[in-house]
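Q: I would like the atomic coordinates for the input below:
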Amino acid sequence: MQRATIHLVLVLLALAMNLLAQAGPADPVRVLIGFRQLPGPAEIALVRAAGGTPIHTYWLVPSIAARVPQAAVQGLRNNPLVTHVDIDAIVQEVDQELDNTWGVKRIGSGVVHGNGNLGTGVKVCVIDSGIDYTHSEFAGRYMGGYNFVAGTSDPFDDRGHGTHVSGTVLAARNSAGVVGVAPEAQLLAYKILDQNGQGYVSDAIAALQSCIQAGGQVTNSSFGTSSDPGSDIRQAYDNAELAGLVNVAAAGNQSSFFRTCNAISFPARYSSVIAVTATDTSNAIASFSCRGPEAELAAPGVNINSTVPTGSCANCASSGYRTLSGTSMASPHVAGVAALVIAAGIADTNSNGRISDEVRARLQSTATDLGAAGRDSLYGYGLVNAELAAPSAPPAPPAAPTGLSASAASSSEIDLVWNDNSGNETGFKIERCTGAGCANFAEIATVGAGVTSYRNSGLSASTAYSYIVRAFNSGGTSEAAGPASATTLAEPLPSAPASLAASAVSSSQINLSWTNTSSNATGIEIERCPGSPCTAGYAKIADAGGTATSYSDQGLSANTAYTYRVRAYNAGGASGYSDSASATTLAAGSIQLSATGYKVQGLQKADLSWSGATSASVEVKRNGAVIATVTNTGAYTDHINRRGSGTYTYQVCEAGTSACSNQVTVTF
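A: I've put the predicted structure just below:
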């Protein structure tokens, strides 16, 4: 099998600063903008006002990732609402069944598997280059993810690095290929590294948020940088740990024959992250591995055989397996053992509402001491030891929950409540089918231990649903509570549109506009009546989308009055009608006017163009007053030369007459 070494070649923050220096004033650069509070509409508007485009708006840290013009960076830094503006640092990858994976065997995972602990149901978030979820080793284990590089829900791996890392964590125990440390854990794959192994700190923060939202319990970060990428990502990992995540990261690979790397890379260097160095088959520190006082654990990282895609990429192989080396390969061994510890069951001994600190302490206290006695800068507390960290047989299956009830909360939501009768569950599985008395239940969600309620959202209105709930742990799944049924409420009627206005723009067209006051409309019905007022009765002429606020009625008769009304509708029915609005099409052959507003160096301008005027000169009116009498060329530019906002209504008339065009409004 081909061997390769993945080096933790992390692009320095200085590289990003150099790119900033090379950028022109208008060239966009990626930055992380910190605020004094969690960002909302005002902070987003501030970024946009600076010419920026938000990429991520975070709730894990009070920051926004954005692309902004280089010339706007200093202005943002000077804003009193902003605490800092950091360059969005570029990071890069760090780079027989049990007998085919010597590292998994070396740390004692095989013994733990023999005791029945396979890490069942523990959610591990691999933040890397994605995953080849079609690989046979991940069947039933891949639970979803996101591609932050492409902005899609498909995190397929076009590099191979993330698939290799994921295989070490949880490749199947199926008597073929390789086996992972926790082969029945669940994988959430978040792609932040591209096909060249590079990505952005801002995407790593977004991946941590997604992991928390998806119920992740362990993260693996086999990427980083040798320079501190800023306070935002440090705070993100700190807050992720407080949210209950066990964070594991590669220590870095900068050591060589000529130079020893004595500084752990970021994010592994952060106190909220377990920094993992790499060892070889002799339990010696790998020649390439970084080391330093933040080193916490060591794990096998030399010649590690694991899964890769079979296609064409940097680390792909036709067999689907490949041997690679790096602290990237060491880190997932520790992430997998963390999953085994969680699956074995561990108590929240300090009653702080999370077990991430207890898991971390267990990994430290059970590690096999290597090198100098006690914790040292090469191996930390020592080689991670799955056999000691997760020694017990799986617990007995939990007792079944009881008292399941279901009640409709809205037209799209049903609330479930049940009684927890077990003290050893990992969580609860919620299953649903459509209809009262149905039997084809399918799992729709899991919730954590001790949780006794769930809101099922995104349902259809006026529809019956049935539910059952089961407790589970690594020892099995309980009998079901339920079934319990409920019917969602009818869809509430949308509110009526308001402020309907009609204006003639030609001899055959009238434009309508209105205010959409509803948040649940699926469409807008437009009705028309000949004459003003309406005496002949309204008839529907068109439907517009549920969020529409305008419509152009065309093909009308010249110099004719029409009256309109509109109403919103959805599956529950239709709203009341708006007020009516009338307009009369222009006479045939009349002057047709159009206008476009714009700014030059902040000063307002308006370009007018018209047709149909027959006199040698025309009068140009703004807001009802003549501002110019000009030769009838069909075009005129109004140099308003004001700054800020404003609304202006224009009309062009035959000079000295009342024969005028339609009115056109320009808004700045």
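Q: helix/strand/coil for residue 202?
A: Look at residue 202: counting by DSSP: H, G, I helix; E, B strand; the rest coil, its state is helix.
Q: which residue sits closest to it, ignoring its sequence neighbours?
A: For residue 202, ignoring the flanking residues on the chain, the nearest one in space by Cβ to Cβ, 6 or more residues apart in numbering is residue 65 at 3.4 Å. Placement of C-beta: from N, CA and C, glycine included.
Q: what's around residue 646, how many residues?
A: 12 (other Cβ atoms under 10 Å).
Q: how far does the strand or helix carrying the residue nearest to residue 202 sit from the chain's center?
A: For residue 65, the element it lies in under DSSP states H and E is strand 63-69. Its chain's average C-alpha position is 16 Å from that of strand 63-69, according to Cα atoms, centre = their mean, to the nearest Å.
Q: Can you list the strands that it pairs with?
A: Sheet partners assigned to strand 63-69 using DSSP bridges are listed as strand 28-35 (antiparallel), strand 53-57 (antiparallel).
Q: Show the subsequent helix or strand relative to it.
A: helix 73-78.
Q: What residues sit buried inside that following helix?
A: 73, 76 (16 or more other Cβ atoms under 10 Å).
Q: didn't residue 121 look like it was pressed against residue 187?
A: No: at 11.8 Å, residue 121 does not count as touching residue 187 under the criterion of Cβ atoms under 8 Å.
Q: Contacts only, for residue 497.
A: Each residue near residue 497 by Cβ atoms under 8 Å, 6 or more residues apart in numbering is listed here: 514-518, 524, 566-568, 575, 578.
Q: Do a quick rundown of the strands in the stretch 451-600 of the chain.
A: Listed from the start of the chain, the stretch 451-600 of the chain has strands (DSSP state E, counting those that start in this stretch) covering 453-456, 464-473, 476-477, 481-487, 498-504, 509-515, 523-530, 539-545, 550-554, 561-570, 573-574, 581-584, 592-600.
Q: What angle do strand 464-473 and the lengthiest helix in the chain make with each other?
A: When the chain is parsed with DSSP state H, its longest helix is helix 327-344. Here helix 327-344 runs at an angle of 100 degrees relative to strand 464-473 (axes from the mean of the first three to the mean of the last three Cα atoms, to 10 degrees).
Q: any idea which helix or strand comes after helix 327-344?
A: Past helix 327-344, the next helix or strand by DSSP H and E is helix 356-366.
Q: tell me what that following helix is packed against?
A: The helices and strands touching helix 356-366, judged by 3 or more Cβ pairs under 8 Å, 6 or more residues apart in numbering; DSSP states H and E, are strand 246-250, strand 295-300, helix 327-344, helix 386-389.
Q: CA atoms only: put that helix into CSV for me.
A: The C-alpha coordinates for helix 356-366 follow below in CSV (Å, rounded to 0.1, in the frame of the first residue of the first chain):
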residue,chain,number,x,y,z
SER,A,356,-16.9,16.8,28.8
ASP,A,357,-14.7,17.7,31.7
GLU,A,358,-15.1,14.2,33.3
VAL,A,359,-14.3,12.6,30.0
ARG,A,360,-11.2,14.6,29.6
ALA,A,361,-10.1,13.8,33.2
ARG,A,362,-10.7,10.1,32.5
LEU,A,363,-8.5,10.2,29.4
GLN,A,364,-5.7,11.9,31.3
SER,A,365,-5.8,9.7,34.4
THR,A,366,-5.9,6.4,32.4
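Q: What average pLDDT does that helix get?
A: In this model, helix 356-366 carries a mean pLDDT of 97.
Q: what distance separates it from the centre of its chain?
A: Its chain's C-alpha centre and that of helix 356-366 lie 30 Å apart, by Cα atoms, centre = their mean.
Q: Residues contacting that helix, please?
A: Residues contacting helix 356-366 (Cβ under 8 Å, 6+ apart): 241, 244-246, 274, 296-297, 334, 337-338, 341-342, 346-350, 380-381, 384-385, 388-389.
Q: How is residue 440 assigned, secondary-structure-wise?
A: Residue 440 ends up coil, using three-state DSSP.
Q: so what's the closest residue to it other than its chain neighbours scoring on pLDDT?
A: Leaving out its chain neighbours, the residue that sits closest to residue 440 by Cβ to Cβ, 6+ apart is residue 433, at 4.9 Å. Residue 433 is assigned a predicted lDDT (pLDDT) of 97.
Q: pretty sure residue 433 is in contact with residue 444, am I right?
A: No: taking contacts as Cβ under 8 Å, residue 433 lies outside contact range of residue 444: 9.7 Å.
Q: More neighbours: which of these two?
A: Taking other Cβ under 10 Å, residue 433 and residue 444 do not tie; residue 433 has more neighbours (19 against 15).
Q: in this structure, which spans are helices?
A: For the chain, helices defined by DSSP H occupy the ranges 13-22, 41-49, 73-78, 102-106, 109-114, 161-170, 201-213, 231-242, 327-344, 356-366, 386-389.
Q: got JSON lines for these, with distance to residue 403 too?
A: JSON lines is the format used below for these (distance: least, Cβ to Cβ, whole Å):
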{"stretch": "helix 13-22", "distance to residue 403": "55"}
{"stretch": "helix 41-49", "distance to residue 403": "42"}
{"stretch": "helix 73-78", "distance to residue 403": "54"}
{"stretch": "helix 102-106", "distance to residue 403": "43"}
{"stretch": "helix 109-114", "distance to residue 403": "36"}
{"stretch": "helix 161-170", "distance to residue 403": "35"}
{"stretch": "helix 201-213", "distance to residue 403": "28"}
{"stretch": "helix 231-242", "distance to residue 403": "33"}
{"stretch": "helix 327-344", "distance to residue 403": "27"}
{"stretch": "helix 356-366", "distance to residue 403": "31"}
{"stretch": "helix 386-389", "distance to residue 403": "37"}
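Q: residues in contact with the strand holding residue 65?
A: With contact meaning Cβ under 8 Å, 6+ apart, strand 63-69 is reached by 25-35, 39, 43-44, 47, 50-58, 76, 88, 200, 202, 205-206, 232.
Q: For PyMOL, write a command that selects the buried ones of the residues you listed.
A: Those of the contacts of strand 63-69 that count as buried under 16+ other Cβ under 10 Å are selected in PyMOL with:
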select buried, resi 29+30+31+32+33+34+35+39+43+47+50+52+54+55+56+57+58+76+88+200+202+205+206+232
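Q: Quick one: residues in contact with stretch 107-116.
A: 98, 104, 173, 179, 181-183, 299-300, 333, 336-337, 340, 383-388, 390-394, 474-475.
Q: about what we covered before: report the beta-bridge partner residues of the residue nearest to residue 202.
A: Bridge pairing for residue 65 - DSSP bridges - gives residue 32, residue 56.
Q: what's the distance between it and residue 227?
A: 18 Å (Cβ to Cβ, to the nearest Å).
Q: Compare the two (neighbour count), which wins?
A: residue 65 (23 against 18).
Q: Alright, I will stop here.
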